[in-house]
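K.L.:
Sequence and computational prediction follow.
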Amino acid sequence: MAQTGAPDRPLSVLDDPAWFGAVMGSGGTAIVASMHPGRIGFLTAIGDVTAVLLLVASGAAFIALCIRDFLVKRLGRGLADRLHSPMTGPAYATIPGAINVLAVGVITVWPATISTPVGWGVLAALAGVGTFLGLWLTVTFFAAAFEHEQFPAEDISGIWFIPETVVLLGSLLFAQLATTGPPAAERGLEVLAAALLGAGGLLFGLTAVIFVNRLVLHPGVHRTGAPAMWIMISPLAVTSLALQSVAGGDHVLGGSWTSAVHEVATFGAAGLWGFALWWIATAAVITRHAGRAALTYTAADWGFVFPSAAMVIATLTLGRWWQSGLVEVIGFGLGVLLAVVWVAVATGAIISMRRGRHRNA
């Protein structure tokens, strides 16, 4: 059983909350498959089947992980200490992150769901729970960071971007729910989506400055591993998506300027997308330098997957808005890379679980 007395002590690979990152990664991959990168005819049916299988498996895995971790392993004990730790606290945001990714996945893979009152209500409840937990974690963790007397810069890692990503996913979800829900709820949901975009976006910007400062002025990625570099792509890509979704659906707040606001938001989203491409190149170089050590055969390896999926989604969304064949090709290439990464990480996860069972035997 995981030790709960020391907040900074690494948890067993089978008890690590970051395994919920597998749900985020696989759910994100399901969304990509349903978008049919490249729009190649004979791959459409394969993409649809893959999307359904991955999304259903992700939902089942989320339920199984909750039962195992909180009912069987009792990881809730000592949770307050771990939430305040810079080494483990942000990792718990993968739990609400998984909830929000699953909700986005349902909307994308089964779009008719959001059009029914029951489906809309369930999705709104999921978005509410996931986003509230994500906001609560950001407040809890960052308040602890602000009050911490000695906070080693070396403890700052890519997992610090996970809570902000959850909040930004909430912005994306509420913007989509606003356009399909009851008219009485439209204005409130649009305001909420815009507020979450501001909160998540600014927190991401502040965290990015701290993270880059740590990489340049303090010991580098060898302490946290190559996946930490990739996690920063998540909030970049999700902010790009949320900008377009909030601006595009916000007919109430935008008024007569709605079209212009959407154009400006798309321009800003394109800028974020461009920087994300640059960061991918940098992260790829660091990963190559790490060699075989890049894969740790722990839950940390799922840090490669969701950021890659989010980047493909952002690329395809922008490319189709611009009607750009070049950007569609880039999205297809990133989609192929995502498939390779998912297979490699899933294989490593199986190896990790087998090793964990042997140690616990």
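P.N.:
Great, that's in hand.
K.L.:
going forward, measure contacts between C-alpha atoms and count neighbours the same way
P.N.:
Noted.
K.L.:
what pLDDT does Ala194 get?
P.N.:
With respect to pLDDT, Ala194 has a value of 92.
K.L.:
And the helices in the stretch 251-361 of the chain?
P.N.:
Counting by DSSP state H, counting those that start in this stretch, the segments of the stretch 251-361 of the chain that form helices are 251-254, 258-290, 305-322, 325-360.
K.L.:
just these: most buried one?
P.N.:
For the helices of the stretch 251-361 of the chain, the largest average neighbour count (mean count of other Cα atoms under 10 Å) is found in helix 305-322, namely a mean of 24.
K.L.:
Which residues does that one contact?
P.N.:
Applying Cα atoms under 8 Å, 6 or more residues apart in numbering, the set of residues contacting helix 305-322 from outside is 21-22, 24-26, 28-29, 31-32, 35, 37, 230-234, 237-238, 240-241, 266, 270, 273, 276, 325-328, 330-332, 334-335, 338, 341-342, 345.
K.L.:
let's see it at 6 Å
P.N.:
Contacting residues not belonging to helix 305-322 are listed as 24-25, 28-29, 231, 233-234, 237, 241, 327-328, 331, 334, 338 [Cα atoms under 6 Å, 6 or more residues apart in numbering].
K.L.:
Now distance to Pro163 and pLDDT too, for those, in CSV please.
P.N.:
Formatted as CSV, these follow (distance: Cα to Cα, whole Å; pLDDT from 0 to 100):
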residue, distance to Pro163, pLDDT
Met24, 13, 96
Gly25, 15, 96
Gly28, 17, 97
Thr29, 20, 97
Ile231, 11, 90
Ile233, 13, 95
Ser234, 11, 95
Ala237, 14, 96
Leu241, 17, 93
Val327, 29, 95
Glu328, 29, 95
Gly331, 26, 96
Leu334, 24, 96
Leu338, 22, 96
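K.L.:
out of the residues you listed, which one sits closest to Leu126?
P.N.:
Checking the contacts of helix 305-322 against Leu126 with Cα to Cα, the nearest one is Met24 at 14.4 Å.
K.L.:
how close does the closest one sit to Trp279?
P.N.:
Distance from Met24 to Trp279, counting by Cα to Cα, to the nearest Å: 21 Å.
K.L.:
Worst mean pLDDT across the helices and strands of the chain, which element?
P.N.:
The weakest-scoring helix or strand in the chain, judged by mean pLDDT, DSSP states H and E, is helix 251-254 (a mean of 58).
K.L.:
Could you list the low-pLDDT ranges of the protein?
P.N.:
1-16, 76, 149-151, 153-154, 219-225, 249-258, 355-361 (pLDDT under 70).
K.L.:
picking up where we left off before, can you redo the helices of the stretch 251-361 of the chain as a markdown table with distance to Ala208?
P.N.:
Below are the helices of the stretch 251-361 of the chain laid out as a markdown table (distance: least, Cα to Cα, whole Å):
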| stretch | distance to Ala208 |
| --- | --- |
| helix 251-254 | 29 |
| helix 258-290 | 12 |
| helix 305-322 | 15 |
| helix 325-360 | 23 |
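K.L.:
Can you say which of the ones you listed is nearest to His218?
P.N.:
Closest to His218 of the helices of the stretch 251-361 of the chain is helix 258-290 (Cα to Cα; 16.0 Å).
K.L.:
Now do the closest one: distance to the chain's middle.
P.N.:
Mean-position distance between helix 258-290 and its chain equals 15 Å (Cα atoms, centre = their mean, to the nearest Å).
K.L.:
How about stretch 294-314?
P.N.:
In terms of Cα atoms, centre = their mean, the centre of stretch 294-314 is set 9 Å apart from its chain centre.
K.L.:
got the end-to-end distance for that stretch?
P.N.:
In stretch 294-314, first residue to last residue: 25 Å (Cα to Cα).
K.L.:
can you tell me which two in the contacts of helix 305-322 are farthest apart?
P.N.:
With Cα to Cα as the measure, no two of the contacts of helix 305-322 lie farther apart than Met24 and Val327, at 24.5 Å.
K.L.:
rewinding a little: so which of the helices of the stretch 251-361 of the chain is nearest Gly134?
P.N.:
helix 305-322 (16.7 Å).
K.L.:
Direction-wise, compare the closest one with helix 258-290 and give the angle.
P.N.:
140 degrees (axes from the mean of the first three to the mean of the last three Cα atoms, to 10 degrees).
K.L.:
Indicate which one of the helices of the stretch 251-361 of the chain is closest to Gly97.
P.N.:
In terms of Cα to Cα, the element of the helices of the stretch 251-361 of the chain nearest to Gly97 is helix 305-322, at 10.4 Å.
K.L.:
between the closest one and helix 325-360, how many degrees?
P.N.:
Using the same axes, to 10 degrees: helix 305-322 against helix 325-360 is 170 degrees.
K.L.:
what separates helix 305-322 from the chain centre, distance-wise?
P.N.:
Offset of helix 305-322 from its chain centre (Cα atoms, centre = their mean): 13 Å.
K.L.:
One more: stretch 86-94?
P.N.:
With Cα atoms, centre = their mean, you get 13 Å for stretch 86-94.
K.L.:
what distance separates the start and the end of it?
P.N.:
Terminal-residue distance, stretch 86-94 (Cα to Cα): 15 Å.
K.L.:
What of stretch 294-312?
P.N.:
End-to-end distance for stretch 294-312: 21 Å, by Cα to Cα.
K.L.:
do stretch 243-263 as well
P.N.:
For stretch 243-263, the first and last residues are 10 Å from each other (Cα to Cα).
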